[in-house]
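# need a 3D model of the following:
(chains A and B)
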Protein chains: 2
Amino acid sequence: MPHEHTTAAILSVGDEITLGQTLDTNGPWLAQRLRDIGIVPVEHVTVPDNLARHAAALRRLGHEVDLIICTGGLGPTADDLTRQAMAQASDDSLVEDPLALAQVEAFFAARAREMPTINRGQAHRPSRGRTLPNLNGTAPGLHGTIGTAEVFCLPGPPGEMKPMFEHHVLPRLNPPSGRIVRTRVLHCFGIGESDLATRLGNLMDRTRSPLVGTTASGGVVSIRLRYEGPAPAVEAEALLDTCEHEARSLAGEFVFGAGEDRLSAVVLRLLRERGETLACVESCTGGLLEAMITETPGSSAAFVGGLVTYANEAKTELAGVPAAVLEFPGPGAVSAECALEMAAGGMDRLKASHCLAITGIAGPEGAVAATTNRAAKPVGTVFIARTSRAAGPDARRFQFPGDRSSVRSWAAVSALGMLRQHLAGLPLVRVLRQVEP
Amino acid sequence: MPHEHTTAAILSVGDEITLGQTLDTNGPWLAQRLRDIGIVPVEHVTVPDNLARHAAALRRLGHEVDLIICTGGLGPTADDLTRQAMAQASDDSLVEDPLALAQVEAFFAARAREMPTINRGQAHRPSRGRTLPNLNGTAPGLHGTIGTAEVFCLPGPPGEMKPMFEHHVLPRLNPPSGRIVRTRVLHCFGIGESDLATRLGNLMDRTRSPLVGTTASGGVVSIRLRYEGPAPAVEAEALLDTCEHEARSLAGEFVFGAGEDRLSAVVLRLLRERGETLACVESCTGGLLEAMITETPGSSAAFVGGLVTYANEAKTELAGVPAAVLEFPGPGAVSAECALEMAAGGMDRLKASHCLAITGIAGPEGAVAATTNRAAKPVGTVFIARTSRAAGPDARRFQFPGDRSSVRSWAAVSALGMLRQHLAGLPLVRVLRQVEP
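Numbers count the residues shown, from 1 in each chain, chains lettered A, B, ... in the order given. Presented below is the predicted three-dimensional model:
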């Protein structure tokens, strides 16, 4: 019977990580991939390019877990010590692997380059271990055993590590039999985490299966569904179907997507389906909303362009905001009136079906004190307006939290959320951080 | 004599980290702060919210290093186990700390909220340890000893962890006497990493002190200077002064800033010093350049606004690009001519001193094959133009690497770099990724 992998440790190797110069993204990625198939990562360890510390970590973990995935230290230079550490921790010696050597040589040959002598060392492996082929770089992986743990050593660059994990590690893993893990995620806009939890009610009980949890990030709250147990895959998926259906009906109109869906891509898709177009007019976000929209490949099918009306003169000259709105005793540049004029002007100038406009105080300075004629506007005050050719306009006031960067990204996401509500036929739903005018 | 801290371990606690749901940024931050003062972090460990694993990690590290900084697990709920782990690993028991309790109560009182019973547990500490005050949250820190190591436990949220480290940990640290670490960093635009290394020559020898290295990130290459040794601080700074002076003269006109300087902030400062203003007209970057510029607080002093002319109609309607440029047999939307027309139109419409315009193919689709009348334009082809009221225009062709997001950010940074060159009186310096028209 093959070795069963119930618990795993992830070992990252490299001075640049222990010294804090590089953020290790391999560890979290591997942890998620292991969880996906039901293996629980119980420890991450990062050690420097130091043979003694590296071998000691392998030895210790070899007696504590069933599986070790090690990344880094497989390069050709003197500070790449994973091969030696594997040999030392398994009381073995290194031998040259002819097949691995041929693969390293082929990598250079395919690029019409001669293999530097230094790369020959990459074909070494502990005598009782084996190598794993690398189609995306020169470093072969390693596979062996230390203590009671099966060990896989993968190269550090994510572009080499990930395909090697998928093709050569995953098929060899053996999660606890009779136990599978399946996850789903739904994304909501316009509702806070605690209000969403109230709606979900006892669906979030910690004793239920699938387990339902929420996480919030800058205006978007995600509902995570997770089945972990003995059911066959088909049954697990059926349980998740039922659970997702319940979650969707409880979260209702706030759900805008699932899985990898992003709010800007969902809005662009809705617009394309209707054959409609979008323009934007931005003041305090200064281009951020439009940058978010145009991140999506193919956004030009619905997004026509926009205006960044940062100075008041630009609001008047480009978007046609009347001076009477901007100047005292008018409501000023940070007002629903100004946002509506910006949106109307943008829709007109860019001949778009819809226009979103944002004006506000991103901070850290710019807060406006109350005067006889105008109410106070603290940092985080933002007005967002939507205009549409085929429907009446919508303008809302928000009070966003955090620093300049937080206020700007909340504002851009909330503008997209307002348009998504409109396109989904929900124009009157009050959303998170919205305040009375 | 106080305990000397030569080596350190960083211990991060939390299921969300071992399961790969959250990227731990506390570890790298702490590693850098420790290195800054000459303490070498030799291991990072992450354990789940599990008392046995947490206590075992503390016990083991307590015999391997001089200093342990632990983050997380100090919240009020049942899965916050750092207090218990500290007690268990030091064979101690928990007691309530009256001063810490008063501080937790004061935190709630200051917010006009009653302290929930559950938070009372946060005032517990091992009987031989002490607590560290938290001015930004409810979780007091802990300070104690395990084995031969001094241990500091800090809350997980960075907004609480960082100030507690600065105010209550840093003053208690005792780096190896007679050994200090000082660093500087210079930022360059327009030159590649290997060309910069050639210019720096033997200043980059690995045997020199201060040690000089380079790192590249999306168009900006930084030169890092690092002194580590026995010299008194004054001498170390003098050595760094000399080294920085040498590096600056070798890197020459490519150096645009130092330390925390960002290219957009440097450009805004140069404009403000001259009393000049900037507008932008963006096509393939879709607002990203303007979003970068307006990230800087106070950018409104020089940045007036801009146009996002994503569709060809927007280029004509908003920026006044002649149809003859856009339509066959004209050079088309991705051309130096179009970029120059966009910049001229933007400078005019926004009444700015300077205008930057970007048009290109960000991908993944949109590459243009060669025809009889037009040359091929692969993904990554970008034209950037600068116009200025008081000087002639400048238009350049670039071939940027990577995916859509990479091409867009290279383009925005390069536009800022072109303007910075002009403002610094270096209009003719050819920059990285620039190609013949």
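
# can we go C-alpha only for contacts and neighbour counts from here?
Noted.

# can you give me the buried ones in stretch A:234-251?
For stretch A:234-251, the neighbour count (16 or more other Cα atoms under 10 Å in any protein chain shown) marks A:236-237, A:239-240, A:243-244, A:247-248, A:250-251 as buried.

# what's it in contact with?
A:182, A:184, A:188, A:196, A:199-200, A:203, A:210, A:225-227, A:255 (Cα atoms under 8 Å, 6 or more residues apart in numbering or on different chains).

# please repeat the previous calculation with a cut-off of 10 Å.
The contact list for stretch A:234-251, computed with Cα atoms under 10 Å, 6 or more residues apart in numbering or on different chains, reads A:180-188, A:191, A:195-201, A:203-204, A:209-212, A:223-231, A:233, A:252, A:254-256.

# make a ChimeraX selection of the buried ones in those.
The following ChimeraX line selects those of the contacts of stretch A:234-251 that are buried, judged by 16+ other Cα under 10 Å:
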select /A:180,181,182,183,184,185,186,187,188,191,196,197,199,200,203,204,209,210,211,212,223,224,225,226,227,228,229,254,255,256
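
# now, the contacts of stretch A:234-251 that are in helices?
Among those, the ones falling in helices (DSSP state H) are A:195-200, A:233.

# can you tell me which of those residues is nearest chain B?
residue A:197 (17.7 Å; Cα to the nearest Cα).

# OK, contacts around residue A:414?
Listed by Cα under 10 Å, 6+ apart, the contact set of residue A:414 reads A:189-190, A:218-220, A:263, A:289, A:358, A:384, A:398, A:400, A:408, A:420, A:431-434.

# can you do 8 Å?
Counting by Cα under 8 Å, 6+ apart, residue A:414 touches A:190, A:219.

# what strand or helix carries it?
Here residue A:414, judged by DSSP states H and E, is contained in helix A:404-423.

# and that helix, which residues are buried?
Buried residues in helix A:404-423 (16+ other Cα under 10 Å): A:404-405, A:407-422.

# so what strands line up beside the helix or strand following that helix?
Once the chain leaves helix A:404-423, the next helix or strand it forms, by DSSP H and E, is strand A:434-435. Partners of strand A:434-435 in the sheet, by DSSP bridges, are strand A:391-399 (antiparallel).

# roughly how far is the strand it pairs with from the heart of the chain?
Centroid displacement of strand A:391-399 relative to its chain, using Cα atoms, centre = their mean, to the nearest Å, is 29 Å.

# domain ranges for chain A, per the record?
Following automatic domain parsing, one finds the domains of chain A at A:7-172, A:180-258, A:274-435.

# worst mean pLDDT among those?
Note on these: lowest mean pLDDT is at domain A:180-258, with a mean of 87.

# just the terminal-to-terminal distance for it.
Domain A:180-258 stretches 21 Å from its first residue to its last (Cα to Cα, to the nearest Å).

# chain center to that domain, what's the gap?
That offset, for domain A:180-258, works out to 18 Å (Cα atoms, centre = their mean).

# what of stretch A:124-143?
31 Å.

# and that stretch, how far apart are its ends?
With Cα to Cα as the measure, stretch A:124-143 spans 12 Å from end to end.

# what lies in contact with it?
A:74-76, A:83, A:86-87, A:92-97, A:100, A:103-104, A:107, A:119, A:122-123, A:144-145, A:150-155, A:159-160, A:164, A:168.

# among those, name the buried ones.
A:74-76, A:83, A:86-87, A:92-94, A:97, A:100, A:103-104, A:107, A:119, A:122-123, A:144-145, A:150-155, A:160, A:164, A:168.

# identify the bridge partners of the residue nearest to residue A:360 when sequence neighbours are not counted.
Among residues not flanking residue A:360 along the chain, residue A:382 sits closest, at 3.9 Å (Cα to Cα, 6 or more residues apart in numbering or on different chains). Beta bridges link residue A:382 to residue A:360, residue A:398 when assigned by DSSP bridges.

# doesn't residue A:399 make contact with residue A:382?
Yes - counting by Cα atoms under 8 Å, residue A:382 touches residue A:399, with 6.3 Å between them.

# so the two - more neighbours on which side?
Neighbours were counted for residue A:382 and for residue A:399 using other Cα atoms under 10 Å in any protein chain shown; residue A:382 has more, 29 against 21.

# contacting residues for that one?
A:334, A:358-362, A:397-400, A:411.

# please repeat the previous calculation with a cut-off of 6 Å.
Residues near residue A:382 by Cα atoms under 6 Å, 6 or more residues apart in numbering or on different chains: A:359-360, A:397-398.

# got CSV for the residues you listed, with neighbour count and distance to residue B:276 too?
Shown next, in CSV, are those (neighbours: other Cα atoms under 10 Å in any protein chain shown; distance: Cα to Cα, whole Å):
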residue, neighbour count, distance to residue B:276
A:359, 28, 24
A:360, 30, 24
A:397, 21, 33
A:398, 22, 33
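
# between those, which is nearest residue A:67?
When these are compared for distance to residue A:67 (Cα to Cα), residue A:398 wins out at 49.7 Å.

# sounds good, over and out.
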